[in-house]
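1. Predicted model, plus sequence, below.
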Amino acid sequence: MDSRHLSFRLLQVFRQVVQSGNITAASRLLHLTQPTVSLQLKKLSEVVGEPLFDYQHQKLQLTATGELLYQAAQDIDDRLSEFSQQLKQQRSGQSGNISLAVVNTAQYLLPNILAAFDQAFPAVQVTLHIGNRARILERFEQQQDHLYLFSHPPRGDNVEARSVVPNPLYIVAPRDHWATEAGLLHFEQLKQERFLLREPGSATRMTFDAWLSSQATVLPHSMQIETNEAIRLSVIAGLGLAVLSAHTLPTQMLLKQQIAVLSVQGFPLSSHWYLVQHANKRLPQAALKLQQFIEQHLREWQDPLQR
């Protein structure tokens, strides 16, 4: 059989004839003439290469080949009906696959939101990619994902960025550090401390470096650490001070006084999280649903240090 000559229309006519029991009834339902239906059946038989009906009986009777083709036609119709339903759900945003890429710090924002989104839209599959700023910028340039979460969004005409939630940056210290009992501090009082810094290019580092530059201040002692989790553990261990996003400071950690947030003039530094998409990439409905969901839930976030 040369499937290149097989069409959905031929199979539709064939199925209708089988279900109607005769050509006359089928032609009426298909709004075709009887000769046209007969011609379509003849053409289909030629494509298959074998007769589909036994015309020696008064009633149309399928041959063994006709039975096989009818089962195949039913399977195709079922799959097309399923496809139509899936397409309807996808267009409405009720199903689909979404790729979301976020910088390391943003991973603290999303678990509860994605869990709630999964309950609301169980047929939508979300793939989450986490990396440093350079890696997520690379994914953005290559348009590998539908949505991105940055503290410092990329620039350019191909960037669509929405500010969704504040991202205040605080100076934190070990709980037994002398500065925890000092009240309001000036940064000059902390200048000689060792600061634990993220790698150059990270959003937190960029914001802090810009602030230091605006104050004409250089840190004499610093240590670079590539993850917020490692920085938090290092602060708790007494290795130094750090500037961290409020989103990386779990309420439970603050309640247990594992880490202290210092009161420093000029802090917290102000920054925001931005939900970003590539202007050249059209978002499917499911991704639009996730975008709206993230925006709505992030607006509900409250800085635990300002409550």
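-> That came in fine, so what should we check first? Residues are numbered from 1 along each chain as shown.
2. domains of this structure?
-> 3-92, 96-166+272-299, 169-261 (automatic domain parsing).
3. Let's have those domains in JSON lines, adding mean neighbour count, distance to Gln306 and mean pLDDT.
-> To be clear about C-beta, it is placed using only N, CA and C from the backbone, and glycine gets the same treatment. Output for those, formatted as JSON lines (neighbours: other C-beta atoms under 10 Å; distance: least, C-beta to C-beta, whole Å; pLDDT from 0 to 100):
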{"stretch": "domain 3-92", "mean neighbour count": "14", "distance to Gln306": "39", "mean pLDDT": "82"}
{"stretch": "domain 96-166+272-299", "mean neighbour count": "17", "distance to Gln306": "9", "mean pLDDT": "90"}
{"stretch": "domain 169-261", "mean neighbour count": "16", "distance to Gln306": "8", "mean pLDDT": "90"}
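4. All the helices of the protein, in order from the start?
-> Assigned by DSSP state H, the chain shows helices spanning 8-20, 23-30, 34-48, 64-92, 111-120, 133-141, 203-214, 228-236, 251-255, 285-299.
5. Looking at these, which is nearest to Ser245?
-> helix 203-214 (6.3 Å; C-beta to C-beta).
6. okay, the helices of the chain in a markdown table with distance to Val264 next?
-> Output for these, formatted as a markdown table (distance: least, C-beta to C-beta, whole Å):
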| stretch | distance to Val264 |
| --- | --- |
| helix 8-20 | 70 |
| helix 23-30 | 80 |
| helix 34-48 | 80 |
| helix 64-92 | 49 |
| helix 111-120 | 29 |
| helix 133-141 | 25 |
| helix 203-214 | 11 |
| helix 228-236 | 15 |
| helix 251-255 | 17 |
| helix 285-299 | 26 |
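7. And the ones you listed: which comes nearest Val172?
-> Closest to Val172 of these is helix 228-236 (C-beta to C-beta; 5.6 Å).
8. which strands and helices sit next to the closest one?
-> If you count contacts as 3 or more C-beta pairs under 8 Å, 6 or more residues apart in numbering; DSSP states H and E, helix 228-236 packs onto strand 169-174, strand 195-197, strand 241-245, strand 259-261.
9. Now do that helix and strand 241-245, the angle between them.
-> Interaxial angle, helix 228-236 versus strand 241-245 (axes from the mean of the first three to the mean of the last three C-alpha atoms, to 10 degrees): 140 degrees.
10. Can you pull out the residues in contact with helix 228-236?
-> Under the criterion C-beta atoms under 8 Å, 6 or more residues apart in numbering, residues 104-105, 108, 172-175, 196, 198, 204, 223, 225, 240-242, 244-245, 248-249, 253, 258-259 lie in contact with helix 228-236.
11. what residues are up against the residue positioned nearest the centre of the chain?
-> Nearest to the mean C-alpha position of the chain, counting by C-alpha atoms, centre = their mean, stands Leu100 at 3.1 Å. By C-beta under 8 Å, 6+ apart, Leu100 lies in contact with 110, 126-129, 145-149, 290.
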